[in-house]
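In: Quick check, what structure comes out for this input:
(one chain, ligands or ions: 2)
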Amino acid sequence: MMDQTRLMPVTRAATARTAAALAAAAGQLATLLLPHQCVLCRQFADTTGLCASCWDGLTPIAAPLCVRCGLPLGHTLAEALCAGCWTKPPPLAAIRACFHYADSARELILHYKHGDGLQLTPLLARLGARLFIELASAQALVIPVPLHRRRYFRRRYNQAAEWARHLCQYTGQGIFAPDMLIRHRPTRSQGGLSRHQRQRNIAGAFAVPPPALPRLDGRPVLMIDDVLTTGATLHEAARRLTDAGSGPVSALVLARVTRLSHA
Ligand SMILES: [Zn+2]
Ligand SMILES: [Zn+2]
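Out: Ligands and ions are numbered 1, 2, ... in the order given. Next up is the predicted model:
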């Protein structure tokens, strides 16, 4: 006789998986039938891909900001540096972020990263285009912050690379160059770590592969990533690139952790 007690959890799990698959299929069908659905909340959206409410939930980072690292400043009377850039200039010529990491921007990024949200890439390319054009010269190498191959195989894509590729295509600026930097050492997630722990966690994680060296020689670089928290990852990557002979390194991120992120 079959052991019912052992089969029950398996049956429940299979039912849950079937329900999830049906829900996903229903969502895809709804997207086909109702193309103007908000990508976040599924309410009616215009052609931007976001409904009015989710659009309002995006808070762009606006001037005044530190001319070097892009940190929003309370006030400024002239071209200004933040206290951090006065005391210890970062290894990047400029960092800019599209949005405060809060509300809709946080949801967009989590969806993009963990929810198989590659269909968001064209929308994100449109949202990032203005700052991308400001930062990327025609000859700039556009280098996404790489994932370690183990994480890449688990996630099946690098969201920063997809965004970078679409930004180059959409604006016609820069040269997409995802093979110029690798993450050769796996690192634990930076979430929940202090600034100092993040620096130690990421130290030595990146390398420039030898075949990339001739192409890097003196060229300006624009790095692309999704979220900036303390900057430890971008700083480490920028040091590897400049040590390997690149020109000035700048960075564009979709969102930056600021005071609003904790509001
Ligand atoms: Zn919405
Ligand atoms: Zn600064």
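In: roughly how far apart are Pro220 and Arg188?
Out: Using C-beta to C-beta, to the nearest Å, Pro220 is found at 32 Å from Arg188. Heads up, the C-betas are built off the backbone N, CA and C, glycines and all.
In: just Lys113 next, same as before
Out: Applying C-beta to C-beta to Lys113 and Arg188 gives a distance of 16 Å.
In: Comparing these two, which shows the higher neighbour count?
Out: Taking other C-beta atoms under 10 Å, Lys113 and Arg188 do not tie; Lys113 has more neighbours (16 against 10).
In: Mind telling me what element the residue sitting nearest the centre point of the chain is part of?
Out: The residue lying closest to the centre of the chain (C-alpha atoms, centre = their mean) is Asp226, at 1.2 Å. Using DSSP states H and E, the element containing Asp226 is strand 221-228.
In: With Cys98 instead?
Out: Secondary structure assignment for Cys98, by DSSP H and E: strand 94-100.
In: From the chain's centroid, how far away is that strand?
Out: 11 Å (C-alpha atoms, centre = their mean, to the nearest Å).
In: Who are the contact partners of the residue lying closest to Ala232 once chain neighbours are set aside?
Out: Among residues not flanking Ala232 along the chain, Arg198 sits closest, at 3.9 Å (C-beta to C-beta, 6 or more residues apart in numbering). Residues near Arg198 by C-beta atoms under 8 Å, 6 or more residues apart in numbering: Gln190, Thr229, Thr230, Ala232, Thr233.
In: Quickly note the distance from the closest residue to Ile109 other than its chain neighbours to Ala164.
Out: Using C-beta to C-beta, 6+ apart and skipping the chain neighbours, the partner closest in space to Ile109 is Asp226 (5.3 Å). Distance of Asp226 to Ala164, computed by C-beta to C-beta: 10 Å.
In: tilt between the strand or helix carrying Ala125 and strand 94-100?
Out: In this assignment (DSSP H and E), Ala125 forms part of helix 121-135. If you take axes from the mean of the first three to the mean of the last three C-alpha atoms, to 10 degrees, helix 121-135 sits at 140 degrees to strand 94-100.
In: follow-up on the earlier one: from the chain's centroid, how far away is the strand holding Asp226?
Out: That offset, for strand 221-228, works out to 7 Å (C-alpha atoms, centre = their mean).
In: Ok, stretch 206-214 next?
Out: Distance, stretch centre to chain centre, for stretch 206-214: 22 Å (C-alpha atoms, centre = their mean).
In: what's in contact with that stretch?
Out: 146, 177, 179-184, 216, 236-237, 240-241, 244-245.
In: Quick check: residues of this structure near ligand 1?
Out: Residues of the chain lying near ligand 1 by C-beta under 5 Å from the ion: Cys38, Leu40, Cys41, Gln43, Cys51, Cys54.
In: For Arg195, give its distance to Arg126.
Out: Distance, Arg195 to Arg126, using C-beta to C-beta: 33 Å.
In: I should have written Leu241 there, sorry.
Out: Taken as C-beta to C-beta, the span from Leu241 to Arg126 is 27 Å.
In: More neighbours: which of the two?
Out: For Leu241 and Arg126, the more surrounded residue by other C-beta under 10 Å is Leu241, and the numbers stand at 25 against 15.
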